[in-house]
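K.L.:
need coordinates for the following:
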Amino acid sequence: METNNDYTLKPGFSNAFGAGWQVMMNNFLRLFLVVIVLSIVTGPYKFMDFKMDSGDFHGAPWNWNMDDAGNWEHMFGLASLGLFAAFFALLAGLYVLLVAPVFQYGGKMIFVQAVRKVKPDFEYFIKGFMENYLTIILANLLVIALVVLGLFALLIPGIIIACRLAFVSYIVMDKKLDPIEAVELSWKMTRGHGWKIFFMGFASFFIVIFGLILMIVGIFPAMIWISSSFAALYESVNLEKNKPVEAEVVAA
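P.N.:
Numbering: from 1, shown residues only. Just a heads-up that it's a prediction; the model follows:
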């Protein structure tokens, strides 16, 4: 596959998607593998969804007929089913909070490597378990908590917070900062770029829909493009923020 490494990283909507497209074309097979791994990792807890309707409670105490001795057996059956569902719901919750974020954060760092024209290191999928596991888990919990609190405050604040904290996962993996420092730095880095992040997220929704329309398989290129574009935006803002510091060092 012919590749082209001549792309410019600038913190803009079109520039991010343009660079993301080129990054995808330059590293398609490697990034395709990343997306497959992330799909497998995030798949289990999406299927651990137990739903019950009123028909499941036929024979419950409020529907009992005392002449029906089988109701006691049905009661214990419902109790067993409830415990079974609660157990798997607990496992799913623990998986979502304590396992999946490590793979997701590692995957984002792999995309940043691709943007930097560095050969993606698949060990980032598991590095988080050995190097900065607690930081990843706490940072993920902090971001979720802040976004949820913002969503409860009339929705719009939650969207603003989500946009301003979009770089937390990249910062944790790239700069090895603690959760509080990562949140603070993301807030500073995204100042003036919040609308770009919002519109990129909005456009990403339609890219995913278009990918699904293309016989579903198009979802994989769509996810690669989106992830590459957000990684390109992070790296472009990162370079922009570091320019003054580098200039001062050179001048000294």
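
K.L.:
from here on, just use CA atoms for contacts and neighbour counts.
P.N.:
OK.

K.L.:
Met24 contacts Ile226, correct?
P.N.:
No: taking contacts as CA atoms under 8 Å, Met24 lies outside contact range of Ile226: 9.4 Å.

K.L.:
who has more neighbours, the two?
P.N.:
The residue with more neighbours, out of Met24 and Ile226 and counting by other CA atoms under 10 Å, is Met24; that gives 27 against 24.

K.L.:
mind checking the SS state of Ala166?
P.N.:
Following DSSP: H, G, I helix; E, B strand; the rest coil, we place Ala166 in the coil state.

K.L.:
what's the pLDDT at it?
P.N.:
We have a pLDDT of 97 for Ala166.

K.L.:
ok, it touching Glu184?
P.N.:
No: contact between Ala166 and Glu184 fails when scored by CA under 8 Å: they sit 11.6 Å apart.

K.L.:
shaky segments in the stretch 101-250 of the chain?
P.N.:
Across the stretch 101-250 of the chain, the ranges flagged by pLDDT under 70 are 244-250.

K.L.:
please redo it, this time with the cut-off set to 80
P.N.:
The stretch 101-250 of the chain contains residues with pLDDT under 80 at 215-216, 243-250.

K.L.:
which element is Ala139 on?
P.N.:
helix 133-152 (DSSP states H and E).

K.L.:
how about Phe206?
P.N.:
Counting by DSSP H and E, Phe206 is found in helix 194-213.

K.L.:
which parts of the lengthiest helix in the chain are buried?
P.N.:
Counting by DSSP state H, the longest helix found in the chain is helix 219-251. Residues of helix 219-251 classed as buried by neighbour count (16 or more other CA atoms under 10 Å): 219-238.

K.L.:
ok, now stretch 169-187?
P.N.:
Applying 16+ other CA under 10 Å to stretch 169-187 flags 169-173, 177-179, 182-183, 185-187 as buried.

K.L.:
CA atoms of it as CSV?
P.N.:
Presented in CSV, the C-alpha positions along stretch 169-187 are these (Å, rounded to 0.1, in the frame of the first residue of the first chain):
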residue,chain,number,x,y,z
SER,A,169,-6.8,9.7,28.5
TYR,A,170,-4.0,10.9,26.1
ILE,A,171,-2.3,12.9,28.8
VAL,A,172,-2.3,10.0,31.3
MET,A,173,-0.7,7.7,28.8
ASP,A,174,1.6,10.3,27.2
LYS,A,175,2.8,12.4,30.0
LYS,A,176,2.2,10.0,33.0
LEU,A,177,0.5,12.6,35.1
ASP,A,178,-1.8,11.8,38.0
PRO,A,179,-5.6,12.1,37.6
ILE,A,180,-5.9,15.6,39.0
GLU,A,181,-3.0,16.9,37.0
ALA,A,182,-4.3,15.2,33.8
VAL,A,183,-7.8,16.8,34.2
GLU,A,184,-6.2,20.2,34.9
LEU,A,185,-3.9,20.0,31.9
SER,A,186,-6.7,18.8,29.6
TRP,A,187,-8.8,21.8,30.7
